[in-house]
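Peer 1: I'll drop the sequence and a predicted model, then ask my questions.
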Amino acid sequence: MAISFGGLRACDVTHVAVSVGPGSFTGLRIGLSFIKGFCMMAERKAIPISSLMVLAHAACGHLPNKRGRIFTALDARQGRVHWGGFICNDGVNTGISRLTNDRLSLPEELLGELLPDDILVTDTMGYSRSTVFQMFEGKTGIIRAEKSSLSRALSCASIAFDNIGNEPLWLSASQIVPNYLQASAAEEKRAMCS
């Protein structure tokens, strides 16, 4: 028996968008495992999208005239942040283009990139005791992802839809890899013991 949602069955899906990180190790592994399993059997194509770009796209509507520079940052723990810079271009392709690659650094590096009119979207990744973003208070406009209604899933799908004809971006599921940007805590401990 085929289950359908809104008249769409799993076999009707030909392309899949997936946020590949940076983000939590466990969350990325689970999400990518599902996508790989879903796509491999029917040879569906998938597009890997940066979670920082997805967050920026979701926040572009908060900018005046939906244009301007927007930076996104995730608490990477241990006093570090995953971050990226983007330009919102209302109505141009996905409405967003890159200023920087995704990075892992101390928050001071990100602070050095920000201009007073920039918007910074922060996400503590569910870590209620996070203090890594305190130094940004008063330096620029801040949107806290955990307190905002940002539709990341819709933004991921929108970026994918806008790139549906850009075949080089679409990969076989076996080619999709997570963008961790850092070693896991276990890998870091193992490296210290070596």
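Peer 2: Yep, it's here. Numbering: from 1, shown residues only.
Peer 1: elements contacting the longest helix anywhere in the chain?
Peer 2: Taking DSSP state H as the criterion, the chain has its longest helix at helix 25-42. The contact analysis (3 or more C-beta pairs under 8 Å, 6 or more residues apart in numbering; DSSP states H and E) places helix 25-42 against strand 15-19, strand 45-49. The way it works is simple: take the backbone N, C-alpha and C, and place the C-beta from them, glycine included.
Peer 1: pLDDT averaged over it - what is it?
Peer 2: Mean pLDDT, helix 25-42: 88.
Peer 1: swap in stretch 58-65?
Peer 2: For stretch 58-65, mean pLDDT is 82.
Peer 1: Quick one: residues in contact with that stretch.
Peer 2: Residues outside stretch 58-65 that contact it (C-beta atoms under 8 Å, 6 or more residues apart in numbering) are 66, 70, 72, 88, 90, 95-96, 119, 121, 143, 145, 148, 150-152, 154-155.
Peer 1: and those residues, which are buried?
Peer 2: Buried members of the contacts of stretch 58-65, scored by 16 or more other C-beta atoms under 10 Å, are Ile70, Thr72, Cys88, Gly95, Ile96, Ile119, Val121, Ile143, Ala145, Leu150, Arg152, Ser155.
Peer 1: Out of the residues you listed, list just those in helices.
Peer 2: Checking those against DSSP H, those in helices are Arg152, Ser155.
Peer 1: pLDDT below threshold where in the chain?
Peer 2: Confidence mapping of the chain against pLDDT under 70 gives the ranges 1-5, 90-94, 184-188.
Peer 1: So which residues of it form strands?
Peer 2: 4-5, 8-9, 15-19, 45-49, 67-77, 80-89, 96-98, 103-105, 119-123, 141-144, 171-172 (DSSP state E).
Peer 1: Please determine how far the residue positioned nearest the centre of the chain is located from Arg29.
Peer 2: Nearest to the mean C-alpha position of the chain, by C-alpha atoms, centre = their mean, lies Ser51 at 0.7 Å. For Ser51, the distance to Arg29 equals 14 Å [C-beta to C-beta, to the nearest Å].
Peer 1: That'll do, ta.
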